[in-house]
Structures are given as C-alpha cells and as structure tokens.
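# Provided below for reference: sequence and predicted model.
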Amino acid sequence: MTHPDANLTAPDVLPQGVAGHPEPPVAQRKPMEHVVHGDARIDNYAWLRDKNDPAVLGYLAAENAYTDAVLQPTERFQEHLYQEMLGRILKTDLSVPYRLRGYEYFTRTEEGKQYPLHARRRAPRGDHVNAAQEAEAPERFGRGPFLSWTWLVRRQRRQ
C-alpha cells in the first residue's frame with residue numbers, strides 16, 4: 001500500500017522570461033554616497049530603507065506578488081511540509097531544568113500559546129526531585145515564571 005502523498009514532489013522553479021510566467025521586479029538603482037571615517041561607499045539601494053515611501057511600498061508589493069505567482073504551484077507541497085513539521089513538534093513540552101545559584105531554570109511550551117514560558121523554581125535541598133514527585137505536590141516546589149514572552153509582547157504592544 002502506498003502513501004497518498006508518495007508522489008508529491010517539489011515542483012521545479014519557473015524559468016525566467018518564459019511566456020506566461022511573471023518577470024521579477026527590478027529595484028531601481030539610486031546611488032547614495034555614505035562617508036564613514038573618510039571612506040566613501042556608494043549604496044544603490046539605500047532608498048529601500050524608507051518604509052513610508054510609496055515607491056518602496058510599491059516595490060515590496062510587486063516582490064510579494066511575484067513570489068506568490070512563482071510559488072503558487074508549490075502551495076500543496078508547502079502545506080504538506082508544514083503539516084508534517086507540525087506533526088513532529090510537541091505542542092506541550094518541558095525542558096530539562098538546570099541549576100544555578102539555588103534555583104532550577106526551565107522552559108515550558110504550552111499548546112495554543114505562541115511563545116515559550118521561561119520559569120524558575122527554588123532548587124530543592126538534598127536529593128534531586130524528579131518530575132513524578134513534583135507532579136504529586138507542585139506547590140511544594142514553588143514553580144514560578146520569571147519571563148513570559150507572551151507577557152512581554154503584550155506589554156510592548158500597549159506602549
């Protein structure tokens with residue numbers, strides 16, 4: 001029995017200049033001289049740094065349209081690869097803790113959350129505590145987050 005996607009292969013990249021295929025956009029060359037420490041340097045594409053310039057936005061839109069057109073035949077393959085990668089990633093995971101100055105530091109990922117949770121807890125004195133012991137009485141080990149990327153991103157967006 002063969003897998004339903006067994007004959008799913010990566011399509012060839014479209015050849016340039018063939019009738020029916022889009023031509024890539026070409027950025028204009030607008031020389032700008034930069035002098036640093038007495039050394040002059042010409043940057044033909046410095047104008048692309050201005051994110052509010054309508055010409056830059058137009059060029060980026062053309063680049064995106066070209067990329068979408070060229071990669072359109074690969075959409076099914078891209079989705080297949082994406083789903084395969086997702087299938088291999090643990091949605092909820094806990095790293096192995098490491099000790100540093102009386103604390104154990106670890107990273108936890110939780111399903112449905114975009115960022116990992118970096119946490120620490122006071123390291124138990126004496127014998128090392130395993131995950132089963134901690135699962136029986138988590139309050140005993142004082143697990144507490146010290147850095148949440150989700151919290152940081154939300155805080156940054158409010159400012």
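Received the coordinates, thanks.

# What about the spatially closest residue to Ile42 that is not a sequence neighbour, how many residues nearby?
Nearest residue to Ile42, sequence neighbours excluded (C-beta to C-beta, 6 or more residues apart in numbering): Pro31, at 5.2 Å. Bear in mind the C-beta positions are built from the backbone N, C-alpha and C, glycine included. Burial of Pro31, expressed as a neighbour count using other C-beta atoms under 10 Å, amounts to 10.

# Pro31 contacts Trp47, correct?
No: distance between Pro31 and Trp47: 9.7 Å, which falls outside the contact criterion (C-beta atoms under 8 Å).

# For Leu100, give the beta-bridge partners.
Beta-bridge pairing for Leu100 (DSSP bridges): Tyr103.

# and it, how many residues sit next to it?
Neighbourhood size, Leu100 [other C-beta under 10 Å]: 10.

# Ok, the one 3 residues further on next?
By the criterion of other C-beta under 10 Å, Tyr103 has 16 neighbours.

# likewise the one 5 residues further on?
Using other C-beta under 10 Å, Arg108 has 15 neighbouring residues.

# Mind pulling up the pLDDT for it?
The predicted local confidence for Arg108 comes out at a pLDDT of 83.

# next SSE after the host helix or strand of it?
Arg108 is part of strand 103-109 when elements are defined by DSSP states H and E. Remark: after strand 103-109, the chain's next helix or strand is strand 117-122, criterion DSSP H and E.

# So for that following strand, mean pLDDT?
Across strand 117-122, the per-residue pLDDT values average to 82.

# next one: stretch 47-63
Mean pLDDT, computed over stretch 47-63, is 95.

# Can you name the residues in contact with that stretch?
Residues from elsewhere that reach stretch 47-63 (C-beta atoms under 8 Å, 6 or more residues apart in numbering): Pro24, Pro25, Ala27, Gln28, Lys30, Met32.

# Could you rerun that using 7 Å?
Taking C-beta atoms under 7 Å, 6 or more residues apart in numbering as the criterion, the residues outside stretch 47-63 that touch it are Pro25, Ala27, Lys30.

# For the chain, which segments are assigned as strands?
Remark: strands of the chain, listed N- to C-terminal, are 32-36, 39-43, 93-94, 98-100, 103-109, 117-122, 144-148; assignment by DSSP state E.

# Kindly calculate the angle that the second one makes with strand 32-36.
Regarding strand 39-43 and strand 32-36, their directions subtend 150 degrees when assessed with axes from the mean of the first three to the mean of the last three C-alpha atoms, to 10 degrees.
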